[in-house]
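Undergrad: just the structure for this:
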Amino acid sequence: MIRQTAFGAAISTIVLASAFISSSMPTHSSINSSTHKLIPAQNVPISSNQVASFTNFKTSELEKSVFEKINQYRAARRLPKLNLDSQISKQARIHSQNMASGKVPFSHKGFEKRVNIIPIRYQSAAENVAFNQGYDNPAAEAVRGWIKSPEHLINIKGNYNLTGIGVAANKDGEVYLTQIFIRSR
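TA: Okay, the predicted model is just below:
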């Protein structure tokens with residue numbers, strides 16, 4: 001069986017309630033822009049002991065697993081735990097479903113719109129996405145990949161207090177995961 005893993009990260013911050021958006025790229029340089037910049041997806045090495053044939057994953061259990069693993073990581077580093085928000089999770093889930101169905105490519109396309117739909121006043125927002133196939137624990141694989149990636153780790157360790165997670169799988173066994181991070185006002 002072929003195993004695949006890919007990741008993407010995005011950061012968007014509203015600066016002093018202005019219309020400018022500051023986007024961070026892997027070089028950590030910031031620019032004011034009205035368009036959203038993407039951090040390209042990366043291929044991450046995968047270990048041979050994690051291959052699994054596709055089964056009907058319970059996406060709600062995978063979402064819970066991602067939430068717990070991210071908070072465990074943050075707690076181990078004395079960072080405050082994130083609170084799970086159903087409105088944020090709804091937008092993350094819709095994005096994962098759209099990627100799984102092919103409605104949108106594996107990307108952060110529509111990130112600003114997703115965040116702006118969420119009825120929470122916020123200072124900053126970020127997003128991690130992952131795609132994998134052929135693993136018995138897609139949530140653990142995604143979190144491991146995010147932690148190994150400096151761009152994703154910035155989001156995980158960021159000054160956020162709310163999060164939402166959405167997972168979707170398609171008939172080909174491709175699992176798409178989206179985590180949105182919010183720093184509310």
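Undergrad: burial count for P105?
TA: 10 (other Cβ atoms under 10 Å). Any C-beta I mention is one placed from the backbone N, CA and C, and that applies to glycine too.
Undergrad: that one against M99, yeah?
TA: Yes - with contacts counted by Cβ atoms under 8 Å, P105 reaches M99, the gap being 7.2 Å.
Undergrad: buried stuff in the helix ranked longest in the chain?
TA: Identified as the longest helix of the chain according to DSSP state H is helix 59-76. Using 16 or more other Cβ atoms under 10 Å as the test for burial, helix 59-76 gives 59, 62-63, 65-67, 69-71, 73-74.
Undergrad: how about those in JSON lines, adding pLDDT and distance to D172?
TA: What follows is those, written out as JSON lines (pLDDT from 0 to 100; distance: Cβ to Cβ, whole Å):
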{"residue": "T59", "pLDDT": "92", "distance to D172": "15"}
{"residue": "L62", "pLDDT": "97", "distance to D172": "17"}
{"residue": "E63", "pLDDT": "97", "distance to D172": "20"}
{"residue": "S65", "pLDDT": "97", "distance to D172": "21"}
{"residue": "V66", "pLDDT": "98", "distance to D172": "21"}
{"residue": "F67", "pLDDT": "99", "distance to D172": "26"}
{"residue": "K69", "pLDDT": "98", "distance to D172": "25"}
{"residue": "I70", "pLDDT": "99", "distance to D172": "26"}
{"residue": "N71", "pLDDT": "99", "distance to D172": "31"}
{"residue": "Y73", "pLDDT": "99", "distance to D172": "30"}
{"residue": "R74", "pLDDT": "99", "distance to D172": "33"}
